Structures are given as C-alpha cells and as structure tokens.
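*Asks:* Compute the structure for the input listed below.
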Amino acid sequence: MIRIANGQGFWGDSLEAPLEQIRRGPIDYLTLDYLAEITMSILQKQRSRDPRSGYARDFVEMIGRGANDLVTRKIRVVANAGGVNPDGCRDAVAKALNHAGIRIGVVAGDDILETLDGMLSRGIEMRNLDTGEPLQSIRARVQSANVYFGAAPIADALAQGSRIVITGRCTDTGLVLGPMLHEFGWARDDWDKLAAGTIAGHTVECGAQCTGGNCQVDWQSIPDFAGIGYPIVEARPDGTFVVTKHAGTGGRVTVASVKEQLLYEMGDPMEYITPDCVADFTSIQLAQDGPDRVRFSGIRGKPATNMYKVSISYSAGFKAVGTLVYSWPNAYQKAKAADAILRRRLESLGLRFDAIRTEFAGVNACHGALAGEPSPDIAEVILRVGVRAADKAPVERFTKEIAPLALNGPPTVTGLGSGRPKVEEIVAYWPALIPKSEVSPRISIQET
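*Replies:* I've put the predicted structure just below:
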C-alpha cells in the first residue's frame with residue numbers, strides 16, 4: 001500500500017495545507033494541483049513580461065518551508081506547478097531545496113503554441129469542442145496552447161529516480177495515477193486499474209472539497225473547518241483504495257462528501273475521458289470503511305482514445321464590472337432605478353457593448369428570476385453591472401459613469417471606496433483535440 005496525499009486544489013488554495021500533509025502523519029507522496037484553464041493564460045502573460053516567470057511561485061515557497069521534512073521523511077512530490085515554464089520552476093525549486101543529491105524531474109512538451117500553424121497547415125483544424133468552429137477563426141488572438149498529458153510521463157520520471165516531479169499542463173488525475181503506475185507496475189493497457197487510479201485522482205484533486213469542504217450534506221455539523229484535513233489516498237496494487245485524512249484534523253470523509261466531489265466537472269459518467277484511459281464512474285462501489293474512511297472498489301475502465309485534449313486561450317475583448325450599495329429603505333427600488341439611469345446614460349453616449357448584464361446581489365445574483373421579489377424591508381442591495389466589448393474604449397467610458405450616480409442618482413448609496421472599476425482583458429477558453437502522434441512529452445532529470 002502507498003499513501004498519496006493531496007495538498008492543493010488550485011493555485012490560491014491554503015498555503016499551510018501541503019505542510020500539514022507532510023507533518024501530520026505518514027505519507028509516501030505529496031501531490032499538488034495548481035493549474036486551471038485561466039491559470040495557463042495568466043502564467044503565459046507573466047512569462048511574456050519576464051522569461052524567468054510563468055510557474056506557480058507558491059510551490060517554490062512551499063518547497064523551501066518544507067524541504068527538511070520532505071528530505072528526512074523521504075516524501076516524493078508531484079506537482080503541475082511548472083505552468084508554462086517547467087524548467088524555470090525546477091531551477092527555483094533546486095535553489096529553495098538547498099539539499100544536495102535530490103533528483104528533480106521535469107515533464108515538458110505540452111506547450112504547442114509555436115507549432116499551431118504547422119498543425120493547421122496539415123489539416124488539423126482544432127475545432128472548438130463546444131461550438132465546432134475551426135481554430136483558424138481566432139488564430140491571431142491565441143495566447144497559449146497546451147496539451148493535457150496524463151500519468152505515463154510522471155511515472156517515467158519517477159522511474160528515473162525523481163524525488164520531485166514538476167509538470168506543465170497535465171490532467172489533474174494524472175498527478176495521483178502517476179505514482180500508482182510507478183509503484184505498482186501496472187500495465188499501460190490495464191484499463192480497470194488505470195481507471196481506478198484516475199478516479200482516485202479525481203476524488204482528491206480539489207483538496208478539501210472531498211473531506212467536508214464545500215459540502216452541502218449536514219454542513220453545520222462538520223467539525224473544525226478552520227483545521228480541516230486534506231485528503232489522502234491509501235492505494236493498493238489491486239486497484240482498490242481508501243480516501244481518508246490525517247487523524248486529528250477537521251472536516252469529515254463520508255460517502256456523501258465523496259459523492260459530491262465525484263460529480264465535479266462530470267459529463268458522461270460512463271465515458272470520463274483522460275489521456276490514460278476512459279473511466280466508467282457508474283461502476284464505482286463506495287463503502288464507509290470506518291470514521292473518515294471511504295473505500296472504493298469495482299471500478300471499470302476502457303481503452304484510451306488516440307487524441308489529446310488541448311487547452312487554448314485567446315483574447316476576446318474587454319470587460320469591466322461596477323458596483324454600488326443601496327441601503328434601506330426601499331433598497332431594491334433604488335438599485336433598480338440606478339440601473340435604469342445608468343443604461344439610459346450609456347445609450348445617450350452612443351456606447352455599444354457586446355453584452356451588458358445587471359445583478360442585484362442580495363436579491364437575485366445567485367438564482368436570477370427564480371429568486372422572486374425580496375422583502376420590502378431588505379436592509380441593503382448591491383447593484384452590480386458588467387459590460388463586455390471587443391474594443392477597450394467603450395468599456396473604459398463605462399467605468400466613468402458609475403461614481404457620478406452617488407450624487408446624481410437615487411439616495412443612500414455607498415461602496416465607492418475602491419474607486420473606478422478596472423478594465424480587464426477577457427481571456428477566453430478554446431478546448432480542442434489533436435492526434436497523440438503530433439506531440440510527445442519530454443522528460444528531463446536534474447540533480448541538485
């Protein structure tokens with residue numbers, strides 16, 4: 001059996017969770033998931049300004065703080081913190097470690113930005129999986145393009161003696177499946193076992209979301225959110241595993257909490273497609289295996305496809321969001337009146353937007369029309385208005401029409417302390433497929 005802990009569900013998750021996973025009890029592997037689609041475009045922008053950046057800096061800080069524990073406890077680390085600059089991340093980690101003889105493996109090759117045109121010229125259209133449009137329609141605005149590699153290159157890097165494996169874009173599930181492939185020697189076509197490792201990775205990829213965080217089932221009784229424990233997979237060679245957490249930590253691991261996470265980002269539950277296999281989530285058998293322990297068994301899988309998914313980001317115009325707070329009495333009526341006034345002024349200025357959207361937080365921002373009318377005694381309402389346009393100029397002008405409402409609109413307004421809204425570039429997501437034959441992961445090993 002091996003114990004694989006996850007200490008990070010996204011870039012911005014708890015800074016202390018990885019260290020708690022290292023120090024609160026025995027683990028063999030620490031996995032950390034930093035990347036999302038929008039994160040890749042942010043990192044690409046950072047690297048365009050500074051070639052030395054483009055990776056998750058929080059990971060380097062964590063390695064520095066936990067270096068002695070990682071080395072003395074012989075814990076291996078697998079993280080996709082490399083972003084768009086895995087080599088730069090490796091160099092920073094090597095410096096933070098300050099220990100000799102630690103092998104750091106890098107899985108790269110996922111960045112295909114420079115090869116897009118060649119693939120397009122060979123007839124690989126990279127059509128948007130949601131709309132069917134060919135990539136050529138927005139090619140000039142593409143900012144980043146990264147292939148989702150799976151667990152296999154991670155397992156290969158571990159087999160070459162890496163104590164720390166840093167990847168660029170890879171599947172969230174591959175971070176956990178990779179160590180299982182390496183430790184158990186599973187065949188790369190043992191689809192049931194690969195599916196089991198994939199589902200283990202999916203269960204823990206969002207960190208504490210499977211240990212009681214963001215859980216709707218009896219959430220009021222979940223103990224010690226402030227000290228919530230992050231998940232650990234106890235994996236066995238036969239493909240069965242238990243999801244648990246360190247003893248003495250807060251939160252709760254139950255069949256219910258696990259089921260909520262299993263539904264995360266779920267399309268067809270019988271066809272959960274990864275580069276490693278196709279997992280059948282309907283085959284999962286769950287059982288409470290004691291306090292804070294849920295056992296998984298019976299998982300089935302199918303052969304992997306011959307395609308990689310590609311995450312492409314591109315510039316899609318500009319946006320800005322402005323807010324004002326209106327207080328009792330008649331807070332909702334005041335906010336609605338202010339919205340109508342603002343829209344008339346924008347129209348009189350001749351401003352044209354691709355979209356303009358209004359929400360009344362405290363009334364209908366979450367549920368829309370289903371929320372119904374609020375109580376006339378509602379204490380306060382936040383008017384939130386957002387606009388989007390291909391050109392920056394009308395969005396910039398919109399930002400200058402919010403503050404005047406404080407004196408030339410309805411009464412009892414506040415919330416102006418942050419100044420004018422900020423104009424932001426919109427980075428849109430373009431999912432596509434390419435043949436696996438078009439790209440290969442590159443593995444490099446460096447010893448500190």
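
*Asks:* Quick one, grab the pLDDT at the residue nearest to Ile228 when sequence neighbours are not counted.
*Replies:* Spatial nearest neighbour of Ile228, chain neighbours left out: Gly251 (4.0 Å); criterion: CB to CB, 6 or more residues apart in numbering. In this view, the C-beta of every residue, glycine as well, is placed from N, C-alpha and C. In this prediction, Gly251 carries a pLDDT score of 98.

*Asks:* what about Gly251, how many neighbours?
*Replies:* Counted by other CB atoms under 10 Å, the residues lying close to Gly251 total 22.

*Asks:* same thing with Ala145?
*Replies:* By the criterion of other CB under 10 Å, Ala145 has 26 neighbours.

*Asks:* Please list all residues in contact with it.
*Replies:* 111-113, 116, 310-313 (CB atoms under 8 Å, 6 or more residues apart in numbering).

*Asks:* Burial check on Tyr415, number of neighbours?
*Replies:* Tyr isn't right for residue 415; it's Gly. So Gly415, with other CB under 10 Å, has 16 neighbours.

*Asks:* pLDDT below threshold where in this protein?
*Replies:* Residue ranges of the chain with pLDDT under 70: 417.

*Asks:* Using the record's assignment, carve it into domains.
*Replies:* Here the domain parsing of the chain from automatic domain parsing is 2-110+148-305, 316-426.

*Asks:* Ok, which of the ones you listed comes nearest Ser444?
*Replies:* Closest approach to Ser444 among the domains of the chain (CB to CB): domain 2-110+148-305, 4.9 Å.

*Asks:* For that closest one, what is the distance to the chain centroid?
*Replies:* Computed by CA atoms, centre = their mean, to the nearest Å, the chain-centroid distance of domain 2-110+148-305 equals 12 Å.

*Asks:* Would you mind measuring the gap between the ends of it?
*Replies:* 28 Å (CA to CA, to the nearest Å).

*Asks:* list the buried ones in stretch 262-276?
*Replies:* 262, 272-276 (16 or more other CB atoms under 10 Å).

*Asks:* with those in mind, which one is nearest to Leu129?
*Replies:* Among the buried residues of stretch 262-276, and counting by CB to CB, the member closest to Leu129 is Ile273, at 11.1 Å.

*Asks:* my read: that closest one touches Asn306, true?
*Replies:* No: when contacts are counted by CB atoms under 8 Å, Ile273 is not listed as touching Asn306 (11.5 Å).

*Asks:* Walking through the stretch 201-350 of the chain, point out its strands one by one.
*Replies:* Here the stretch 201-350 of the chain has its strands, by DSSP state E, counting those that start in this stretch, at 231-235, 241-245, 272-273, 278-280, 285-288, 294-297, 300-302, 307-327.

*Asks:* Name every strand pairing with the last one and say which way it goes.
*Replies:* This points to strand 307-327. strand 142-147 (antiparallel), strand 380-389 (antiparallel), strand 413-414 (antiparallel), strand 424-435 (antiparallel) (DSSP bridges).

*Asks:* Show me the contact partners of the shortest one.
*Replies:* So the one you mean is strand 413-414. Outside strand 413-414, the residues within contact range by CB under 8 Å, 6+ apart are 324-327, 334, 338, 405-406.

*Asks:* out of those, who's nearest Ile22?
*Replies:* Val325 (43.1 Å).

*Asks:* beta partners for the closest one?
*Replies:* Ile382, Thr414.

*Asks:* Can you get me a residue count around it?
*Replies:* Neighbour tally, Val325, other CB under 10 Å: 18.

*Asks:* How about the one 3 residues further on?
*Replies:* The number of residues packed near Trp328 is 14, by other CB under 10 Å.

*Asks:* excluding its backbone neighbours, what's nearest it?
*Replies:* Ala379 (5.1 Å).

*Asks:* Of the buried residues of stretch 262-276, which pair is most distant in space?
*Replies:* Maximum distance among these (CB to CB): 20.0 Å, for Leu262 and Pro275.

*Asks:* contacts for the top helix by length along the chain?
*Replies:* In the chain, with assignment by DSSP state H, the single longest helix is helix 331-348. By CB under 8 Å, 6+ apart, the residues outside helix 331-348 that reach it are 324, 326, 353, 356, 358, 360, 362-363, 373-374, 376, 378-383, 385, 387, 398, 401-402, 405, 409-413.

*Asks:* for stretch 200-207, same thing?
*Replies:* 4, 6-10, 13-14, 17, 31, 33, 151, 171-177, 180, 210, 213, 230-233, 235, 241, 243, 258, 261-262, 264, 272, 279, 296.

*Asks:* Grab the CA positions of that stretch and hand them over as PDB.
*Replies:* Extracted in PDB, the C-alpha atoms of stretch 200-207 (Å, rounded to 0.1, in the frame of the first residue of the first chain):
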ATOM      1  CA  ALA A 200      -8.700   8.300  -7.100                       C
ATOM      2  CA  GLY A 201      -7.000  11.300  -8.600                       C
ATOM      3  CA  HIS A 202     -10.400  12.900  -9.500                       C
ATOM      4  CA  THR A 203     -11.600  12.400  -5.900                       C
ATOM      5  CA  VAL A 204      -8.800  14.300  -4.300                       C
ATOM      6  CA  GLU A 205      -7.900  16.800  -7.000                       C
ATOM      7  CA  CYS A 206      -9.900  19.600  -5.400                       C
ATOM      8  CA  GLY A 207      -8.300  19.200  -2.000                       C
END
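
*Asks:* Tell me who's in contact with the nearest residue to Gly415 once chain neighbours are set aside.
*Replies:* Distance criterion CB to CB, 6+ apart; nearest residue to Gly415, sequence neighbours excluded, is Val325 at 3.7 Å. If you count contacts by CB under 8 Å, 6+ apart, Val325 has them with 380-383, 413-415.

*Asks:* about what we covered before: so which of the contacts of stretch 200-207 belong to helices?
*Replies:* 17, 174-177, 180, 258, 261-262.
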